[in-house]
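Enquirer: here's my sequence, what's the structure:
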Amino acid sequence: MANHKSALKRIRQTEKRRIHNRYYHKTARNAVKKLRMTTDPSAAEELLPKVVSLVDRLVKRGIIHKNKSANLKSKLTKYVNKIKANAAIA
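Expert: Numbering: from 1, shown residues only. Coordinates of the predicted model:
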């Protein structure tokens, strides 16, 4: 266990940040999952900007890496475009 006051404070801060970051990360994962489960093109197109915004905020806060964010946004955009294309054909 920590012996210094500063170390005890650091432990408290780290735990608080960890819980905070975990909440935002889980929220983003759920939003991505919801978008991936969507088959309706209009709903997916409406949901995409919200999810992209959420992912960008995670990058800004340092919760996920910017490259992971770019890959995720790219895949989600491709998915939404594929849904729209399939809906146009059908």
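Enquirer: helices of this protein, residue ranges please.
Expert: Using DSSP state H, the helices of the chain run over 5-37, 41-61, 66-89.
Enquirer: check which residues of the longest one are buried.
Expert: When neighbours are counted by 16 or more other CB atoms under 10 Å, the buried residues of helix 5-37 are found to be 28, 31-32, 35. (C-beta placed from N, C-alpha, C; glycine too.)
Enquirer: tell me the one of those nearest Leu8?
Expert: Ala28 (31.2 Å; CB to CB).
Enquirer: for that closest one, which residues are in contact?
Expert: Listed by CB atoms under 8 Å, 6 or more residues apart in numbering, the contact set of Ala28 reads 51, 54-55, 58, 64.
Enquirer: farthest-apart pair in the residues you listed, please.
Expert: Farthest pair in the contacts of Ala28 (CB to CB) is Val51 and Ile64. Separation: 12.9 Å.
Enquirer: ok, the two, which is more surrounded?
Expert: Val51 (21 against 18; other CB atoms under 10 Å).
Enquirer: from Arg57, how far off is the more buried one?
Expert: Distance of Val51 to Arg57, computed by CB to CB, to the nearest Å: 11 Å.
Enquirer: just to revisit the earlier point, export the helices of the chain to TSV and tack on mean pLDDT?
Expert: Shown next, in TSV, are the helices of the chain (pLDDT from 0 to 100):
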stretch	mean pLDDT
helix 5-37	95
helix 41-61	95
helix 66-89	95
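Enquirer: quick one on the thing from earlier: can you list residues touching both of Val51 and Arg57?
Expert: Counting by CB under 8 Å, 6+ apart, Val51 and Arg57 have no common neighbour.
Enquirer: got a list of what the closest residue to Glu45 other than its chain neighbours touches?
Expert: Spatial nearest neighbour of Glu45, excluding adjacent residues (CB to CB, 6 or more residues apart in numbering): Val80 at 6.0 Å. Applying CB under 8 Å, 6+ apart, we find Val80 in contact with 35, 41, 44-45, 48.
Enquirer: repeat that for 7 Å
Expert: Residues near Val80 by CB atoms under 7 Å, 6 or more residues apart in numbering: 44-45, 48.
Enquirer: which one of these has the most neighbours?
Expert: Going by other CB under 10 Å, Ala44 tops those with 23 neighbours.
Enquirer: many thanks, have a good one.
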